[in-house]
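Chemist: based on what follows, work out the 3D shape:
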Amino acid sequence: MIKIFSILSIIFMFSCYSVLSDFEEVDEILSYTYYINEGWTAFEIINLSDTLSVAQHSEYYELALEMFDASLQSINFEFTDQNFLGPKYKSFNGTAWAQLYYAGEFLDPEYSNIRDSLREQSKIYFDQALNDLDNSLFDEISDQDWCDTYLGLAYVHYNLGFENSIYMDSSLNYSQEILNRKPLYDFIHDELNYKNIHYLRGKIYLQKDMYQEAYDEIRQAVEECDAMINDEIDIDLLLECFNQFANENE
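Modeler: Numbering: from 1, shown residues only. You can find the predicted model right below:
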């Protein structure tokens, strides 16, 4: 199965399948990898292309969520007669990422309850993914699988950290796990990589007024960053480095 469908084929899917129940009417349950790939395809069409209007984002996130849910059902079907559970972490991780990004469509204070609910659900699914990774007997777990889940948890805990600072510490822990496993990590479903991780960690250290640590992190993301004056960190220059990265990666 080719990973990336054409946008036309995705639109066709919307015309044929409105909700997950439609898939249940199909005589044959397809491989879980099919649904996983289609979930990420819908996600990537939003985040790796400029072909959609903002008004179309919701329907593609909904499609992604349906595909990841279908993949979970397919895993249960495929591995029923085997001695171990299938790779449910792939379904949980996909669902969590789709919910986390979907929440970003509801930034208006009027929709804060929807945004907060999606973020809460995202955390639940990332936690489930991590638990499944910890306990899975599936022999094809890659560092990428671990890092994709750690990255999601790092962002979720960062958001929670504005209400409870302890989550900032756990965000640092999860992000460090990524850098330990894959120092040049790349999240292939969006334009995120190890530089975004260092930027995130740097922002946390700024919150903690730990300027040396913040400087060390942002220099991994902005190589030309130089915030030193007379062997001391200049806060204004340091913030300029963070602003530069943010502006170049909007």
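Chemist: residue boundaries of the helices in this structure?
Modeler: 7-16, 21-24, 32-47, 54-78, 88-103, 112-135, 143-160, 166-181, 194-207, 211-221, 235-248 (DSSP state H).
Chemist: out of the ones you listed, which comes closest to Ile229?
Modeler: Smallest distance to Ile229 across the helices of the chain (C-beta to C-beta): 7.2 Å, for helix 235-248. From N, CA and C alone the C-beta is placed, and that goes for glycine too.
Chemist: now the closest one: buried residues?
Modeler: Leu238, Glu240, Cys241, Phe242, Phe245 (16 or more other C-beta atoms under 10 Å).
Chemist: and for stretch 47-61?
Modeler: Across stretch 47-61, burial judged by 16+ other C-beta under 10 Å covers Asn47, His57, Tyr60, Tyr61.
Chemist: need the per-residue pLDDT for the closest residue to Lys195 other than its chain neighbours.
Modeler: Of all residues not flanking Lys195 in the chain, Ala221 sits nearest, at 4.0 Å (C-beta to C-beta, 6 or more residues apart in numbering). At Ala221, the model reports a pLDDT of 97.
Chemist: surely Ala221 touches Leu192?
Modeler: No - taking C-beta atoms under 8 Å as the definition, Ala221 is not a contact partner of Leu192, at 11.6 Å.
Chemist: so what are the domain limits for this protein?
Modeler: Domain assignment for the chain by automatic domain parsing gives 1-117, 142-250.
Chemist: how far does the shortest one stretch from one end to the other?
Modeler: Right, the one you point to is domain 142-250. End-to-end span of domain 142-250 (C-alpha to C-alpha, to the nearest Å): 29 Å.
Chemist: which one of the helices of the chain lies closest to Ala227?
Modeler: With C-beta to C-beta as the criterion, Ala227 lies closest to helix 235-248 of the helices of the chain, at 3.9 Å.
Chemist: quick one: contacts of the closest one?
Modeler: 195, 199, 202-203, 206, 211, 214-215, 218-219, 221-222, 225-229 (C-beta atoms under 8 Å, 6 or more residues apart in numbering).
Chemist: just the buried members of those?
Modeler: Neighbour counting with 16+ other C-beta under 10 Å marks 195, 199, 202-203, 206, 211, 214-215, 218-219, 221-222, 225, 227 as buried within the contacts of helix 235-248.
Chemist: out of those, what pair is the most spread apart?
Modeler: Among the buried ones among the contacts of helix 235-248, Lys195 and Tyr211 lie farthest apart (C-beta to C-beta), at 19.5 Å.
Chemist: low-confidence ranges, the protein, go.
Modeler: 1-27, 81-84 (pLDDT under 70).
Chemist: do that again at 50, thanks
Modeler: 1-25 (pLDDT under 50).
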